[in-house]
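Undergrad: what would the 3D arrangement of this be:
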Amino acid sequence: MNNIFLDRNLIEKINGKALELKDYTVKNLSKIIQVKAMSNDEKNRIMLLKNLCKKAGADEVKIDGLGNCLARVGTGNKKLVIDAHIDTVDVGDINSWEKDPFSGDFDDKYVYGRGASDQLAGAASMITAIKILKDIGYKGLNDYCVWFSFTIIEEDCDGLCWKYLIEEEKFIPDFFISTEPTSLNIYRGHRGRMEMEVKLRGVSCHGSAPERGVSAAYLASRAALAIEKLNSELKPDKENFLGKGTATVSIMEVKGPSQCAVPDIARLYIDRRLTEGETKELAVEQVKTYISNATGLEKDKIEVTIPEYKKPSWKKTLFTQELYFPTWVFAESHPLIQIAKNTYINLFGKEPLIDKWTFSTNGVAVAGHHKIPSMGFGPGDEKEAHAPNEKVRIEDLVKASSFYAAFPYGIS
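TA: Below is the predicted model:
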């Protein structure tokens, strides 16, 4: 696709309004940070966001059955969706923070606090984009309206909010933009992930004669080393864009009848990252094979399960999900990526870097499970996510606001 140049007056107007609204965006982000919202406890922040969207002039604002907030600008049967998850992880060791993580402090360069980059900056920029679109009179083009989604539970279970929206509410995007931090680059995918629980059974006996039993501790130790070997032998995707998958043991437990007995039960928890072409079936089979080879156990004696996420949302809605989050990636030549590239060039006068996330996003549901064209463009840096002293550049907020407001015109 060749570069398509949008109307220069429109581009200058959008960039001008984003800059004019810089303080508005910063103050909104500060307000959002000040309202704590961990996964499944987002009600107060969702209510704040609902109010901010209404004040920004959205044509429709609603809260769905799970507890996500959705705001619409324009009319049309097709949906361009711009998404930010609005829950955050906790702060960890408070002594590691130089500022109160929920103060929302800001200066001339940065806004500080938990979620500043991951990913409340995206949410604040989206609100500004609503205001810009309303100010310049966006009514919907080529049958596209724009939905801004402020979604929940991502930190606990990425994509669950969108599996709910698509499968239960039948709210299906035509195009999807994640505002997870990309350092204002265009991202076109990321590795998937899954969680696996492995149970191994030995034979207990008295600790004074361990040779009479089969120690689950030794089985678990050999199994953990087998996963280390598996990790070292995993291969990157064919394009070597996403890189290699990984496997690591995150929890290992053994139990027996007493401190004076050989343990007979072992449990390993595995975090598996999946590159393109790797599926959950392949990953489970690999774990069984490697553990079998290392321990001598038959594969059918190795119990490998994928746990389910089972926690009600802040609205007390229970929507469960298997802890498998598929890999997704779109080619750089895909029309959505090309629209993003053209929008970027029009706004900022230079070529964008097109890359991928290291971590996982809500795209695992939209693109991974449901194959809906998806991409990422977000303010802030991935390295700030979950770190103490989290911050985001104010300059990023301005540019992100411009991008989200201009993108609907790029589609048309």
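Undergrad: for Asp100, which non-adjacent residue is closest in space?
TA: Gly113 (7.8 Å; Cβ to Cβ, 6 or more residues apart in numbering). Yep, even glycine has a C-beta here, placed from its N, CA and C like the rest.
Undergrad: what's the distance between that neighbour and Arg272?
TA: 32 Å (Cβ to Cβ, to the nearest Å).
Undergrad: could you do Glu169 as well?
TA: Distance of Glu169 to Arg272, given as Cβ to Cβ: 30 Å.
Undergrad: so which of the two has more stuff around it?
TA: Arg272 (26 against 13; other Cβ atoms under 10 Å).
Undergrad: beyond the host helix or strand of the more buried one, next helix or strand please.
TA: Assigned by DSSP states H and E, Arg272 belongs to strand 265-274. Downstream of strand 265-274, the first helix or strand assigned by DSSP H and E is helix 280-295.
Undergrad: next SSE downstream of that following helix?
TA: Following helix 280-295 in sequence, per DSSP H and E, is strand 303-305.
Undergrad: quick one on the thing from earlier: list the pairing partners of the strand holding Arg272 within its sheet, with orientation.
TA: Partner strands and pairing direction for strand 265-274 (DSSP bridges) are strand 192-201 (antiparallel), strand 246-255 (antiparallel).
Undergrad: hmm, who's touching it?
TA: Strand 265-274 has contacts (Cβ atoms under 8 Å, 6 or more residues apart in numbering) with 191-202, 216-217, 219-220, 223-224, 227, 245-256, 280, 283, 287, 326-327.
Undergrad: rerun at 7 Å
TA: With contacts defined as Cβ atoms under 7 Å, 6 or more residues apart in numbering, strand 265-274 is touched by 191-201, 216-217, 219-220, 223-224, 227, 245-255, 283, 287, 327.
Undergrad: mind giving me the PyMOL command for buried ones among those residues?
TA: Listed next is the PyMOL selection for buried residues among those, using 16 or more other Cβ atoms under 10 Å:
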select buried, resi 191+192+193+194+195+196+198+200+216+217+219+220+223+224+227+245+246+247+249+252+254+283+287+327
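Undergrad: and the strand holding Arg272, which residues are buried?
TA: Neighbour-count burial for strand 265-274 flags 265-268, 270, 272-274 (criterion: 16+ other Cβ under 10 Å).
Undergrad: then stretch 319-336?
TA: 319, 321, 323-330, 334, 336.
Undergrad: let me know the closest of those to Asp105.
TA: Asp105 lies nearest to Phe325 out of these, by Cβ to Cβ, at 33.7 Å.
Undergrad: ok, now which ones touch the closest residue to the closest one other than its chain neighbours?
TA: Leaving aside its sequence neighbours, Phe325 sits nearest to Val364 (Cβ to Cβ, 6+ apart; 3.7 Å). Listed by Cβ under 7 Å, 6+ apart, the contact set of Val364 reads 158-159, 192, 325-326, 328.
Undergrad: tell me the pLDDT of Asn2.
TA: You'll see Asn2 listed with a pLDDT of 58.
Undergrad: repeat for Phe5
TA: Reading off the model, Phe5 has pLDDT 71.
Undergrad: three-state assignment of it?
TA: Phe5 carries the three-state label coil when classified by DSSP: H, G, I helix; E, B strand; the rest coil.
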